[in-house]
Each structure stands twice: as structure tokens, then as C-alpha cells.
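Participant: The following block contains a protein sequence and its predicted model.
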Amino acid sequence: MIKTRSFARPASARPHAPSARPARSGAGYSHSAPRHASSGAVSHRPAAKPAFGSRPHSAPSGGRAFGSNRPSFKGRGNFGPKRGAGGKRFGGERIDYSRFIKKAVKVEEKPYVSKHTFSDFPFDAVIQRNIAKKGYIHPRPIQDQSIPSVIAGKDVFGMANTGQGKTAAFLLPLINKVMKNKEEKVLVLAPTRELAMQIEEDLRSMASGSKLFGVCVVGGMPIDKQIREIKHGVSFVIGTPGRVTDLIKRKVLDLAPYKSIVLDEADRMLDMGFRDDMVFILGKCAEQRQTLFFSATLSPEIKKLTEKFLKDPIFISVMTGETSKNIDQDVVKFTSKEDRFDKLVEVLKKDGSDKVLIFREMKHACDTITKELSDAGFKVGCIHGDKRSRDRIRTLDLFKTDKINILVATDVAARGLDIPDVTHVINYDIPQTYDTYVHRIGRTGRADKKGNALTFVPQ
């Protein structure tokens, strides 16, 4: 039985079973033992999930660190050049720290009234059954406004805040398109292996019972299985630009028959240095095609790509502001490396810090803080680009299913991932750009729930 997922990604109830752990001694650490702890690093790892049409769990390096010149901590308060409210970042943009402070507000807004119900869309009965099983009637704004244009065969550039159901906005009509004509083929590009695999999982849910097959092609694992799946015949190829480019150059993947192309999180792919791969891949696709770009921002570079590769696109934006109004944002000031860690522990011990995502800029820094937190007794996992694909998949599953309640990650986890009920996002390192900050904190405060975002800044 294929496991299904929520199209609009509503939050689900999460079991909560706090457990005690030994208190950690040291400067500034006099609180009682925090909850959600184990004796050390996580050792229980569930098996990988079954594939849709045989999904290989593989991936590109991902999690690329932006800027390698980090301030050193050689004694108290040694953080490089003195900065005020917001100074020039090390390799990044100038960000005023006050932008990291914003109280959550309760805004009485009129609920969005969709023009359609899902039953209004001319989807195949199989798709309608899959939608009905989830009890969904009204589409989210990006779905409501995008689906008719995608069904009509138009090129679309869609913008929406994170967690607003962009995946269903393109997958549902494209599944329907392929069901009508089994010769149709769809290519979906995503910036990270985690997002690619999540899209493929959504595909399995939405296409359940359709007898359509897809393959997830991402780096990090042997390519042979992916090649076999493609040669066996699939309707959907979902992958990262690096692995898709590799398959094209090996003459395994011929994109000439692919007349439906999706670039999900297109701006993130540019941020990660995939521009040349994106241009190469689009140049190999059929000239007469339908191209869909979905993004959370419209940078000048993205605008150039849309002008080059989209034909008379329908522009749809349902953005509701820079950051979600229901995220309580604040800064935590620290004076030294030790002070920063002690204050992190204080945050993690507080009531309400039930599910925490901690972002770091560098891969080795993720490993370091993960070990320190594990030694302190926290149930913590870590994902970044140097981790093996299977390890990343299992760690992410442990976090999603509350086997661990703290996840440390590079920006590989900043975009697109649907992780239910994250109570806190912590920027242990200041993000390189404000756009990165926006996407990081978008992992909390989802489905109209209140979230918390804390950014650690030097005094």
C-alpha cells in the first residue's frame, strides 16, 4: 500500500513523550535536566521507505556552505571586525540585526475564498479519489490559481510562501496529463536530494492506483539502479540538476520526449550554483513543451531565465509578505563560544522547545554542535551534504516522526521540506543573506500554527 501525504501539507498531531536526562554542569548551566534526551547519539534507525516504481535513495552533495571565511573564537568576544546593529557579513550581505526581531501578531484576515473546489478540476477519477481520501475540498491559493493554467497547457511562473502547496499545484495537473496520454513524460528538477525525494513521495500519493511510474535521480548513491529504472520506462523523472546532467551526458536520459518541465525552488538552484546545469538541461528538452517555474523569490537572474525559457507565461503570485506573521522572531546575544553554547542549551531546555531545527553554515560545524548536544544528553541528529544519502534520509525520518527532537542542518533543510510541528528554528550562525533567513524560518509556523525563530548574534 502506497503511503499518502497531505497535498496542502497540514500539520499533524504529534505524540509527545518527554524523558529526563542528566543535567550538564558548566558555566551558566544551572537549570534542571532538560526533556527529550537520551544517553547519547541516536542509534535506532528505521529502514528506508519503499519506492514509487522503485525509488533509489540517492543524492547530490547538497548543503553547500555559503562563504567559507568564518570568524574564529580565540577567547572571549573575538569575532573579527567590530559590528553594530548589523555589519558586513563574512562573505555575505549586510543585514541589520533588527530584521531578525519581529513579534508574532494575530491578524484578523478574511480567509481566502477559492474560486474552485478540487472536484471542479477535470481530473481523472483516480486522482479525484486520492484527493477525496484526504478529505480535501478547497485548494490552497497557489493551487487554485495555478492548476487551471497548467491544465490549459500554459507556461507558468508561480510564487508562493513556503508550505503553501506548490508541489500539488504542478503535480496534480501533470499526473492527469500523463494519464490522458501515456506517451507524455515529465521532468521535475529540485535543488536538493531531500526535496526531490519529497516530491517523489507526493507523486506516489497523488498517483496511487494510476499505474504510472516515476524515478528519483539524485547523487550520493550508485547510479546503476537509477539507470535501470529509466531504461525500464518511467513517466516521471524527479531529480537534482547535477545527477540529471550526468545521466544526459551518459546518453541514458534523452529529454527530447519530455514535453513537461518543472523547476521547483528555481531560485535556490541558482543559489547553489546550478545555473549552467539548468541551462544545459532546458536546452536538451523538446522545443514545443510546457515549462513551469516555481519559486519563493523573483531575482534578476530568475527573471532572465523565465524570459529565455518560458513562452508567454502566466505569472501567479500569492506571496503574503517577507516572513510569516505567526512566527515570533528574536535574537540571542552572546559574548563567546562557550556563552553561545550555554545559551543554546537554555533555549532547548525551555518548555515549548519541543521540536527544534538548528541551522549552521558549515558542514563540519554541524557535526561539532551535534556531538556537543549529544554529549549533553539531547536526542539530536544531523544532515548536510557530506552525509551519506541513506543516513540523511533516516535522520530526517527520525526527526519527522519525533524519534529525535533536534535536527542540525546546513541550508540543505532550508527550502521546500515539509517537517510537521517544528516549534523553533535557530540560526546558530547568521545566514549569509536575508532571503536565506526567510526560507530557514519558514520551516516553523506552518499551517497557521505559531512558530519561533531565534538568531544568535555577537554582542
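Facilitator: Looks like it arrived, so ask away.
Participant: Would you mind writing the CA trace of the helix or strand harbouring V345 as PDB?
Facilitator: Assigned by DSSP states H and E, V345 belongs to helix 337-349. Written as PDB, here are the backbone C-alpha positions of helix 337-349 (Å, rounded to 0.1, in the frame of the first residue of the first chain):
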ATOM      1  CA  LYS A 337      31.800  30.400  22.000                       C
ATOM      2  CA  GLU A 338      31.100  29.000  25.400                       C
ATOM      3  CA  ASP A 339      28.400  31.600  26.200                       C
ATOM      4  CA  ARG A 340      26.700  30.900  22.900                       C
ATOM      5  CA  PHE A 341      26.500  27.100  23.600                       C
ATOM      6  CA  ASP A 342      25.200  27.700  27.100                       C
ATOM      7  CA  LYS A 343      22.500  30.000  25.800                       C
ATOM      8  CA  LEU A 344      21.600  27.400  23.200                       C
ATOM      9  CA  VAL A 345      21.100  24.800  25.900                       C
ATOM     10  CA  GLU A 346      19.000  27.200  27.900                       C
ATOM     11  CA  VAL A 347      16.700  27.600  24.900                       C
ATOM     12  CA  LEU A 348      16.500  23.900  24.300                       C
ATOM     13  CA  LYS A 349      15.500  23.300  27.900                       C
END
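Participant: Check which helices and strands it sits against.
Facilitator: Packed against helix 337-349, as judged by 3 or more C-beta pairs under 8 Å, 6 or more residues apart in numbering; DSSP states H and E, are the following elements: strand 327-334, strand 356-359, helix 363-375, strand 424-427, strand 451-458. In this view, the C-beta of every residue, glycine as well, is placed from N, C-alpha and C.
Participant: Please report the number of neighbouring residues for T245.
Facilitator: 19 (other C-beta atoms under 10 Å).
Participant: which one of the helices and strands packed on helix 337-349 lies closest to I406?
Facilitator: Go through the helices and strands packed on helix 337-349 one by one with C-beta to C-beta and the one that ends up closest to I406 is strand 356-359, at 4.9 Å.
Participant: what's the closest of the helices and strands packed on helix 337-349 to F123?
Facilitator: Of those, the one closest to F123 (C-beta to C-beta) turns out to be strand 451-458, at 32.9 Å.
Participant: Parallel or antiparallel, list what pairs with the closest one.
Facilitator: strand 327-334 (parallel), strand 424-427 (parallel) (DSSP bridges).
Participant: what are the ranges of the strands in the stretch 51-200 of the chain?
Facilitator: Shown for the stretch 51-200 of the chain, the strands assigned by DSSP state E, counting those that start in this stretch span residues 156-159, 185-189.
Participant: how about low-confidence regions in the stretch 351-459 of the chain?
Facilitator: Across the stretch 351-459 of the chain, residues meeting the criterion (pLDDT under 70) sit at 414-417, 447-448.
Participant: could you dump stretch 424-440 to CSV, C-alpha only?
Facilitator: As requested, C-alpha coordinates have been extracted for stretch 424-440 and formatted as CSV (Å, rounded to 0.1, in the frame of the first residue of the first chain):
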residue,chain,number,x,y,z
HIS,A,424,11.7,26.6,16.9
VAL,A,425,14.1,27.5,14.1
ILE,A,426,17.5,28.5,15.5
ASN,A,427,20.1,30.3,13.3
TYR,A,428,23.2,29.4,15.3
ASP,A,429,25.2,31.1,12.6
ILE,A,430,23.9,34.3,11.0
PRO,A,431,22.6,33.4,7.5
GLN,A,432,24.6,34.8,4.5
THR,A,433,21.5,36.6,3.1
TYR,A,434,18.2,37.7,4.3
ASP,A,435,16.4,35.6,1.7
THR,A,436,18.2,32.6,3.3
TYR,A,437,16.9,33.7,6.7
VAL,A,438,13.3,33.9,5.3
HIS,A,439,13.5,30.4,4.0
ARG,A,440,15.1,28.9,7.1
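Participant: mind listing what's buried in that stretch?
Facilitator: Residues of stretch 424-440 classed as buried by neighbour count (16 or more other C-beta atoms under 10 Å): 424-432, 434-440.
Participant: nearest to P300, of the residues you listed?
Facilitator: Nearest to P300, judged by C-beta to C-beta, of these is D435 at 12.9 Å.
Participant: counting contacts, what elements does the helix or strand containing that closest one pack onto?
Facilitator: D435 is located in helix 434-441, with elements delineated by DSSP H and E. Counting contacts by 3+ C-beta pairs under 8 Å, 6+ apart, the secondary-structure elements packed against helix 434-441 are helix 266-271, strand 424-427, strand 451-458.
Participant: okay if I get these as a markdown table plus distance to A409?
Facilitator: A markdown table is the format used below for those (distance: least, C-beta to C-beta, whole Å):
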| stretch | distance to A409 |
| --- | --- |
| helix 266-271 | 14 |
| strand 424-427 | 10 |
| strand 451-458 | 15 |
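Participant: For I327, which of these is the nearest?
Facilitator: With respect to I327, and counting by C-beta to C-beta, the nearest of these is strand 451-458 at 4.4 Å.
Participant: quick one, which of the strands of the stretch 51-200 of the chain is nearest to T335?
Facilitator: The closest approach between T335 and any of those, judged by C-beta to C-beta, belongs to strand 156-159 at 40.3 Å.
Participant: so what are the domain limits for the protein?
Facilitator: According to the domain assignment given by automatic domain parsing, the chain is divided into the following structural domains: 14-107+325-459, 118-317.
Participant: ranking those by mean pLDDT, which is last?
Facilitator: By mean pLDDT, the lowest-scoring of those turns out to be domain 14-107+325-459, with a mean of 71.
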